[in-house]
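Undergrad: the amino acid sequence is not available; the structure is as follows:
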């Protein structure tokens, strides 16, 4: 019985390993501008820390710095379709979604937050 | 005393299996309803921006109150020295845990964001009665589980009284806390009074006894156990007393409100011309859930188990009616937005809100009740909750 | 466009101490930021108390300029189910019980000093900012609706279904409670709330916004010279929204 279990476990693991190799790495449109607000490796690792901290100080304390705001992320990272309209960063293949699908981390930002920059309406 | 033995429910006759499957199906329907409400949003319910708490809350508060009250028998047995209540003490503890769990499940699944349960557990605002209740409810489950363990472990017998005392105090605070959820709503004429706390305590005693009657008599019947007529008589008188207590406090509450000029509107609405609410109040609560069961509980001619269960069921129905009138009727009546002015029109201001419970709400509520019942019928198959021999009086088996 | 009030938060030099302590908590925030700290990096101050003065003598029945402005500003789309529509601000018609005189007023979150909604919120999602704005942190709102039970003015609404097309500065979503933010995003950028602006332009100039703690602000001056009241003085909430002529 234990043997069988061990074999089953091994099979599952090896299947998992082989399928990782098959999966496409995330690919997404390049953001606007040369640099992000922090070095790329730092952002990959810690972007949620920045966002969480900014959420706390902006909502509760009223600190309105732009640097680590989610609006800032969306402004640079939302890509535009051929007709110039913005595509949601939460669409498949777009900036946020592609990595979050890859890492299987569910995000809850865009059920409330705008996932495209505000349309510029001048009166 | 040593004549009392406890055992797991023997045999699985058809009735038991049918009940098991029925409960599982009802829980499933409840879960589907909860998922529907969460994925679609609350527009699929009858609730809106005026009646913000609906049928699920009626069921949840009913279950929470019953949970606390179901512990009556255990409390009398271990705190007040009623040794003849001891055969039923374990069952009473079991009901307390399961009913509370069912109630909390309904409450959580009705949240706008049930997925954020962890937020509710990690962010606390200690000025909120609701936040205290989170502690009171989870703590209660823990205390009663320890209480059950102490009762079921012979070596721990010495601690039964002290743990029972903790559980008793805890549940009194818990029901006061549940009442205070409403009592602290200063802007709502229907609730704004400290009487909500003692009222909820008495409602819990009365509803808890009713639920206890129905479940105990059913389980004991399956197990071939008969309550001694003495014990049965005591419990019946106790039930009657609790119902009378509720009726008294409800009368006091409404009379107080009638003396306050600005509360007369809501009183008139709930008791006289508020459509469905006066019917539910007078027919459902006062007559069906109050006067008639008190009569049956006190009259010896109705002392058979069948009559007792019927009376208890009527108390349950009456209690649900009462909670419906209190919770929903209290919200349906418009707020006094501006002192000294009638609110004539606007965004549904100054109007009675017409609330109609929807199917998902009902399914969620029934699902919660079913969850509690399923936990009971499964638990009695696993652990020895049910008494096999009658209480302390020899020869009482003949009843 | 009305002039923003003279803002004490502008006088921030004396309070950089507090700002420094706060910013030091931020991971990745460098000391350089502290030296260059701009107004937007400064937290809301408790020396300010934002408030609104509504002049019921000017407000007229039928005018919905403030309501439309709010809907546009915050992208509050109709749901198609009237009873469930968001209602951050609404027009209410009042009839005086003593003489049947009728009035029209806008009703929104009254930004109480002692807000019942904040008191009852189990998670602290309902909170009052240092400068008196009563807001909902939708990140921690679990949608229990206890605040809606507690609010004396029915000023809050629950989002009953999925929302799309939100503005970047006004996030809102299904399953959480929302209410008037006093246009916190505008006020933090030295602008007045959308309803006030539109009442001045398209309406009847019935709304004045400003710092109630600043003796020189228009609201303070008007409040000193004219009688005004809270809607439910019996509840002693010390609301930030006050009414003239009611």
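TA: Here it is on my side, so go on. Just so you know, these numbers come straight off a predicted model, no measurement behind them.
Undergrad: any idea how far residue C:110 is from the residue nearest the centre of chain C?
TA: Closest to where the C-alpha atoms of chain C average out (Cα atoms, centre = their mean) is residue C:182, at 2.3 Å. Between residue C:182 and residue C:110 the distance is 10 Å, computed by Cβ to Cβ, to the nearest Å. In short, each C-beta sits where N, CA and C put it, glycine included.
Undergrad: now swap in residue A:93 and tell me
TA: Distance from residue A:93 to residue C:110, by Cβ to Cβ: 46 Å.
Undergrad: any stretches of chain C with poor pLDDT?
TA: C:1-38 (pLDDT under 70).
Undergrad: my read: the residue nearest to the centre of chain C touches residue C:111, true?
TA: Yes. Checked against Cβ atoms under 8 Å, the pair residue C:182 and residue C:111 is within contact range at 6.2 Å.
Undergrad: what touches both of those two?
TA: C:50, C:52, C:133, C:240 (Cβ atoms under 8 Å, 6 or more residues apart in numbering or on different chains).
Undergrad: surely residue B:318 touches residue B:289?
TA: Yes. Between residue B:318 and residue B:289 there is a contact under Cβ under 8 Å: 0.9 Å.
Undergrad: helices of the chain, start to end?
TA: Here I'm looking at chain A. A:2-22, A:40-56, A:70-77, A:95-102 (DSSP state H).
Undergrad: wait, chain C was what I had in mind.
TA: Using DSSP H, helices in chain C cover C:16-23, C:31-35, C:65-73, C:116-120, C:146-150, C:184-187, C:194-201, C:218-225.
Undergrad: and the fourth one, what other elements does it pack with?
TA: Secondary structure elements in contact with helix C:116-120, counted by 3 or more Cβ pairs under 8 Å, 6 or more residues apart in numbering or on different chains; DSSP states H and E, are strand C:126-128, helix C:146-150.
Undergrad: shared neighbours of residue C:182 and residue C:110, which are they?
TA: Joint contacts of residue C:182 and residue C:110 (Cβ under 8 Å, 6+ apart) are residue C:240.
Undergrad: is chain C within reach of the worst-scoring helix or strand of chain B on mean pLDDT?
TA: Within chain B, no helix or strand scores below strand B:341-345, which has a mean of 83 by mean pLDDT, DSSP states H and E. Yes. On the criterion Cβ under 8 Å from any Cβ of the partner chain, strand B:341-345 is in touch with chain C at B:341-345.
Undergrad: before we move on, back to that, most widely separated two among the shared contacts of residue C:182 and residue C:111?
TA: For the shared contacts of residue C:182 and residue C:111, the maximum inter-member distance is 11.0 Å, found between C:52 and C:133 (Cβ to Cβ).
Undergrad: joint contacts of the two?
TA: Contact with both residue C:52 and residue C:133 is made by residues C:111, C:182, C:240, according to Cβ under 8 Å, 6+ apart.
Undergrad: okay, now residue A:27: neighbour count?
TA: 9 (other Cβ atoms under 10 Å in any protein chain shown).
Undergrad: any chance of the shared contacts of residue C:182 and residue C:111 in CSV with distance to residue C:71 as columns?
TA: Output for the shared contacts of residue C:182 and residue C:111, formatted as CSV (distance: Cβ to Cβ, whole Å):
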residue, distance to residue C:71
C:50, 21
C:52, 18
C:133, 20
C:240, 22
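Undergrad: from those, list the ones also adjacent to chain B.
TA: Answer for the shared contacts of residue C:182 and residue C:111 near chain B: none qualify (Cβ under 8 Å from any Cβ).
Undergrad: and which of the residues you listed is nearest chain A?
TA: residue C:133 (8.3 Å; Cβ to the nearest Cβ).
Undergrad: verify the contact between the closest one and residue C:111 for me.
TA: Yes. Counting by Cβ under 8 Å, residue C:111 is a contact partner of residue C:133 at 6.0 Å.
Undergrad: how many other residues sit next to residue B:125?
TA: 18.
Undergrad: please disregard the earlier target; I meant residue A:90.
TA: Residue A:90 has 19 nearby residues by other Cβ under 10 Å.
Undergrad: next: residue C:234.
TA: Residue C:234: 12 neighbours (other Cβ under 10 Å).
Undergrad: and if you look at residue B:122?
TA: 10.
Undergrad: how about residue C:139?
TA: Residue C:139 - counted by other Cβ under 10 Å - has 19 other residues nearby.
Undergrad: before we move on, what about residue B:162?
TA: Around residue B:162 there are 12 residues (other Cβ under 10 Å).
Undergrad: pLDDT at it, what is it?
TA: Looking at residue B:162, its pLDDT is 93.
Undergrad: repeat that for residue B:282.
TA: So residue B:282 comes in at 97 (pLDDT).
Undergrad: same question, residue B:24
TA: 98.
Undergrad: now do residue B:2
TA: 48.
Undergrad: give me every residue in chain C lying close to chain A.
TA: Residues of chain C lying near chain A (Cβ under 8 Å from any Cβ): C:22, C:25-28, C:33, C:38, C:40-44, C:127, C:129-131, C:135, C:137-139, C:162-163, C:165-169, C:171-174, C:176, C:184, C:188-189.
Undergrad: give me the residue from chain C nearest chain B.
TA: Closest point on chain C to chain B, by Cβ to the nearest Cβ, is residue C:143, at 1.8 Å.
Undergrad: any idea how many residues pack against that residue?
TA: 22.
Undergrad: equivalent analysis for residue C:83, please.
TA: Residue C:83 has 17 neighbouring residues, counting by other Cβ under 10 Å.
Undergrad: residue B:358 now?
TA: 20.
Undergrad: quick one: contacts for it?
TA: B:44-46.
Undergrad: repeat that for residue B:75.
TA: Counted by Cβ under 8 Å, 6+ apart, residue B:75 has contacts B:164, B:167-168, B:171.
Undergrad: so what's the closest residue to residue B:225 other than its chain neighbours up against?
TA: Excluding the flanking residues, the one nearest residue B:225 by Cβ to Cβ, 6 or more residues apart in numbering or on different chains is residue B:387, at 5.7 Å. Counting by Cβ under 8 Å, 6+ apart, residue B:387 makes contact with B:4-6, B:87-88, B:91, B:220, B:223, B:225.
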